[in-house]
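Asker: only geometry, no sequence info:
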């Protein structure tokens, strides 16, 4: 893994894959945590602003980056978008990246990622239902 104090190419690729997969899964979890408590379909309609209901474009849906570029506001109506999206996406990305680092490309990685996604989803949905934070 470490070669003369540097991370191996294989580890860098694994960490990058974990980060990208974690960001995508985090984005999916934010959608779940918003729609499930409201009994909305997770398949359709496409994502929209919770305030002005404008259908979001691909550039509005880039995990973490879209939220940061727009400084936590809707690009269309300029109302604030909850920090929960950022928190869930970052938490998932970091967790999945750590799983990729720890388990490597093994069957245990799949189980770990599924467990992380299930846990983060359930916690997020529970908080959304109780509306205690966010």
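Answerer: Sure thing, it's come through. Owing to the predicted nature of the structure, the values given are computational and were not obtained by experimental measurement.

Asker: which one is residue 89 nearest to, not counting chain neighbours?
Answerer: Nearest non-adjacent residue to residue 89, counting by CB to CB, 6 or more residues apart in numbering: residue 26, 3.5 Å away. For every residue, glycine as well, the C-beta is placed using N, CA and C.

Asker: can you name the next helix or strand after the longest helix along the chain?
Answerer: For the chain, the helix with the greatest residue count under DSSP state H is helix 9-35. Following helix 9-35 in sequence order, the next helix or strand is helix 65-69 (DSSP states H and E).

Asker: quick one: name whatever helix or strand follows that next one.
Answerer: Following helix 65-69 in sequence, per DSSP H and E, is helix 84-103.

Asker: what helices or strands is the helix or strand following that following helix leaning on?
Answerer: Using DSSP H and E, the helix or strand that follows helix 84-103 in sequence is helix 107-130. Judged by 3 or more CB pairs under 8 Å, 6 or more residues apart in numbering; DSSP states H and E, helix 107-130 is in contact with helix 9-35, helix 84-103.

Asker: and helix 107-130, what's its mean pLDDT?
Answerer: What helix 107-130 shows for mean pLDDT is 93.

Asker: which residues touch that helix?
Answerer: Helix 107-130 is contacted from outside by 21, 25-26, 28-30, 32-34, 36-37, 84, 88, 91-92, 95-96, 99-100, 102-103, 133-134, using CB atoms under 8 Å, 6 or more residues apart in numbering.

Asker: so what angle separates the directions of that helix and helix 84-103?
Answerer: Helix 107-130 runs at 160 degrees relative to helix 84-103, counting by axes from the mean of the first three to the mean of the last three CA atoms, to 10 degrees.

Asker: buried residues in helix 107-130?
Answerer: Residues of helix 107-130 classed as buried by neighbour count (16 or more other CB atoms under 10 Å): 109, 112-113, 116-117, 120-121, 124-125, 127-128.

Asker: do the same with stretch 41-49
Answerer: Of the residues in stretch 41-49, residue 49 count as buried by neighbour count, 16+ other CB under 10 Å.

Asker: so how far is it from its chain's centroid?
Answerer: A distance of 16 Å separates the centroid of the chain from that of stretch 41-49, by CA atoms, centre = their mean, to the nearest Å.
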